[in-house]
Every structure is written in structure tokens, then in C-alpha cells.
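Colleague: Just the structure for this:
(chains A and B)
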Number of protein chains: 2
Amino acid sequence: MPRKVTIVESIHSANDQLAGENSRRLRKAGLFSVNMMASPGAGKTSLIEKTLARLTPHYSIAAIDGDVATSIDADRAAEAGAIAVQINTGGQCHIDAHMLRNALDELDLPEFDILLVENVGNLICPASFKLGTDRNVLIASIPEGDDKPYKYPAMYQDVDALLINKIDLLPYIDFDMDYFLQGVKMLNPGLVSFPVSCKTGEGIDAWIDWLEDQIKGSKTT
Amino acid sequence: MPRKVTIVESIHSANDQLAGENSRRLRKAGLFSVNMMASPGAGKTSLIEKTLARLTPHYSIAAIDGDVATSIDADRAAEAGAIAVQINTGGQCHIDAHMLRNALDELDLPEFDILLVENVGNLICPASFKLGTDRNVLIASIPEGDDKPYKYPAMYQDVDALLINKIDLLPYIDFDMDYFLQGVKMLNPGLVSFPVSCKTGEGIDAWIDWLEDQIKGSKTT
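Modeller: Numbering: from 1, shown residues only, chains lettered A, B, ... in the order given. So this is what the prediction gives:
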């Protein structure tokens, strides 16, 4: 049993080291980077599209999309105005820092202001593999249910912002927002959260404002 | 690189061997077993509750619920009339055959007619870890989006039945059922599928009929 623990630790420590290298490389190139994580179908790609539509007039943006198969997400990001790189994880259920490093090699980093990373749709393993991005953002969605913070605590614990997507569906779904936010607060007190709807556009302004504040803040420090 | 492949293969072959043992053990005890897989929030637990409500008057049912944390699902299955065992995977994103074996040790198997296994909410890794159950069932849900067969093909390829849950939300969501089913057909031609709503009860009859047919079929072979 101790042997197994050692193996797991060494995987994570090797990953953390590469994440640190990614972080230094991105900062040196002047990029502000965000890792977007969510369950399958929570709306990662749609949110990235909305974000690109708002930010591409002002910033040069790269998108790196992780998926077990296909390039559907990278294609959508590219159509929305980003220079997009697809990572096919070959069946692996998360992006790790090494995969991100290889994807960064495909980009002329100093050309860009912002990097949006779309992680693989999964509420478990992406929480354990740091990538070296400036911010980690989780997208929850109303149809997933209000118990998700309780059931996937690691994912809620370490993120810097929470988007609560598909709020247009609230009238049709039993979702107790107080119970949901109570779970979030327990795991990550003070976490900033944005109820949004990619469909109606509600709440997107607040998310974009926060993101631009983070970007500006990173330039002054 | 070849070394990595060898490790992966050996994990899966060890798992397959244990899955075979689970299968023989369950059949010997006269249990019909079903592995229910889905994305987080697709409605696994709600569907198991609905299934238990319909079948517990006629069958003795055990439920084994896998989760990274909490016993919310096993508690709900127990309240719905099953003898329930919770597997806490300790952060692992799927149940494997070894975990199922340990959970089976907690049950007096010959007491039961049916075993329902609720896998961890994940559309990737559960597809690679056979458990030894008689049937593998995938629960998709409308809010996840119509592109999921294309994006998570391995999960759709090997299952014996597909439940398409939350059809009550179809009027409020852009979901192209033809595009979805075209992807399913490409990956798993002839796969039986059941559009259902746990909320309204629509379609549950057809699912229960199919399940009972499978159970009866297993007794005569």
C-alpha cells in the first residue's frame, strides 16, 4: 500500500513541476491564462465562444481545447475568433501540465494577451492536475443538480471563480440555489460566483468584467 | 513510451480478470446485474429510485453506489427500498472490478434477484473498466447536449442500452435528436434507447419492460 501512495505522489509532483514551468513561460510571454473546467455539457465551449465574442475586439486570444476525441471544441473556438489548438488526450480524462506544454509549443506565445484552456469534461480528475494557469474557473450548470458541490468537493475547493450556467432553465428544474451555494461556501468561502445563461446572455457582463479586472490586475503586479 | 502502454494494458487485463470473477460469482448467486453509467447530474440516482419503486414489489434488489465522496446516492437508494452499499472511491473517477468485489463482500448475494450498480459520474473512464455485470447501461440527458456521442465515443460504443433522460426539458433546450441518434447509430448500431423523464415518468414503462425482459431472459439461458 505505501508503494501505491508513492506512485500517486510522484505523478502529481512531476505534474506540479511542469505546471510551474508552464506558469513561468506564460507570464514571461505576457499571457494571462485561465483553465476552464466543468462536467460534460455544462457549457464550457459555449462560454468560451461568448467570452471570445466579447474580448477578441480588444485582446489577441489563444484557445487550447482538451478532448478525448474530435476537434469540435477547437473548431468552435476558432470560428469564434481565437487561434485554437486541440489536445486529443487519447482517452485520458483530464489535461495534464505536460499536454499543455506540448500545446503551448504550437503557439507563438508573445503574440497573445490571453490563453483560455478548455479542460476535458470531467468533475473529478482535472481538479488534481494543475496546469500552471493564472486562474482556475469551474462552470457548474443548473441541470446538473444542486448537490454537486457536496458530491465533487475537490473540484469546488481550489477554483478562483464559479460560473453557474443555464440559469434560463431554473423555472423548469428543481434546483435549490441556497443549498447549492451553502455547499460552495463550505468548501470555498468567499468564492466569487456568476449566475449566467449562454442562451440569453444574462450575467455574461459580470463575468467579462471580472475577467478583465483579473487581466488588468496581472499587468500591474 | 512502450513501457507506458504495457502498464496500461496490465491494469486493464487485471481488471478484466476480476470482472470475470465478479460475473461468475453474481450468476452463481442468481443475480441479474446492471452497471449504470452517466455524466454527473444526468440522473443516475433518480433513475435508480424510479426503477426501485417499480421493481421492489416483485424483486429483492441490492444497490451499490460509487462516488468520490459522501453517501448521498446510497442513502437515496436505501430510502427507495434497496439494500445499499456505498463505495467511496477515494478520488478515483470510476468504479473498478476490485472495488465492486469488495462491495459484493458486504452483501449476502443469494438473498437478491437484482443488483444495480451506480457508477461514478464520468463519461470517460467507466467505459474502460468492466465490472462483470450482465448489462451496461448509459444514461444521457438532454441538457448535456446532442454532441455527446461524438465527443465521448467509447462510452457509447460498448453499452447494451441507452436512456435519454430529462426529455421534459426538450422544449427549452436546443437539442437535435436526429443528430444525437445519428452519432449513437454510428458507434453502436442497433443500440436500444429509451427517451425518459424521471420528473414526469414518461418513458419509464418501456425501460422497466426491457429490464424485466432481460432479467427473465437471463433465467432461461
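Colleague: which secondary element of chain A has the worst mean pLDDT?
Modeller: Least confident helix or strand, chain A: helix A:2-28 with a mean of 78, by mean pLDDT, DSSP states H and E.
Colleague: Confirm A:Gln182 sits in a strand?
Modeller: No - under DSSP: H, G, I helix; E, B strand; the rest coil, A:Gln182 falls outside any strand and is assigned helix.
Colleague: which bits of chain A sit near chain B?
Modeller: Proximity of chain A to chain B (C-beta under 8 Å from any C-beta of the partner chain) is limited to residues A:39-41, A:67-70, A:72, A:91-93, A:120-125, A:128, A:141-145, A:147-148, A:150-154, A:166, A:168-169, A:172-174, A:199. C-beta: built from backbone N, CA, C; applies to glycine.
Colleague: rewinding a little: quickly run through the sheet partners of the helix or strand that the least confident helix or strand of chain A is followed by, with directions.
Modeller: Next helix or strand after helix A:2-28 toward the C-terminus (DSSP states H and E): strand A:32-38. Partners of strand A:32-38 in the sheet, by DSSP bridges, are strand A:114-118 (parallel), strand A:135-141 (parallel).
Colleague: I figured A:Arg54 hits A:Ile208, correct?
Modeller: Yes - A:Arg54 lies in contact with A:Ile208 (C-beta atoms under 8 Å); the separation is 5.0 Å.
Colleague: could you list every residue that touches A:Glu202?
Modeller: Listed by C-beta atoms under 8 Å, 6 or more residues apart in numbering or on different chains, the contact partners of A:Glu202 are A:167-168, A:195-196.
Colleague: For it, what are phi and psi?
Modeller: phi -60, psi 130 (degrees, to the nearest 10).
Colleague: Quick check: it vs A:Val117, distance?
Modeller: 25 Å (C-beta to C-beta, to the nearest Å).
Colleague: Same question for A:Ser33.
Modeller: In this structure, A:Ser33 and A:Val117 are 7 Å apart, going by C-beta to C-beta.
Colleague: Please list all residues in contact with the most centrally placed residue in chain A.
Modeller: For chain A, the residue nearest the mean C-alpha position is A:Met36 (0.9 Å; C-alpha atoms, centre = their mean). Listed by C-beta under 8 Å, 6+ apart, the contact partners of A:Met36 are A:44, A:47-48, A:116-119, A:137, A:139.
Colleague: ok, now A:Leu109?
Modeller: A:25-26, A:29, A:31, A:62.
Colleague: Buried ones only from these, please, as a PyMOL command.
Modeller: Selection of buried members from these for PyMOL, criterion 16 or more other C-beta atoms under 10 Å in any protein chain shown:
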select buried, chain A and resi 25+26+29+31+62
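Colleague: Just flag the most distant two among the contacts of A:Leu109.
Modeller: A:Arg25 and A:Ala62 (13.0 Å; C-beta to C-beta).
Colleague: so A:Pro110 touches A:Gly30, yeah?
Modeller: Yes - if you go by C-beta under 8 Å, A:Pro110 and A:Gly30 touch, sitting 6.5 Å apart.
Colleague: distance of A:Trp207 from A:Glu79?
Modeller: 21 Å.
Colleague: so where's chain A uncertain?
Modeller: For chain A, residues meeting the criterion pLDDT under 70 lie at A:1-10, A:221.
Colleague: In it, mark out all the strands, start to finish.
Modeller: Using DSSP state E, the strands found in chain A span residues A:32-38, A:61-67, A:83-88, A:114-118, A:135-141, A:161-165, A:192-195.
Colleague: so what does the second one touch, helix or strand wise?
Modeller: Contact analysis of strand A:61-67 by 3 or more C-beta pairs under 8 Å, 6 or more residues apart in numbering or on different chains; DSSP states H and E lists helix A:44-55, helix A:72-79, strand A:83-88, helix A:97-104, strand A:114-118 as its packing neighbours.
Colleague: Mind doing that once more with 10 Å?
Modeller: strand A:32-38, helix A:44-55, helix A:72-79, strand A:83-88, helix A:97-104, strand A:114-118 (3 or more C-beta pairs under 10 Å, 6 or more residues apart in numbering or on different chains; DSSP states H and E).
Colleague: the more surrounded of A:Trp207 and A:Glu79?
Modeller: A direct count of neighbours by other C-beta atoms under 10 Å in any protein chain shown for A:Trp207 and A:Glu79 places A:Trp207 higher, at 22 against 11.
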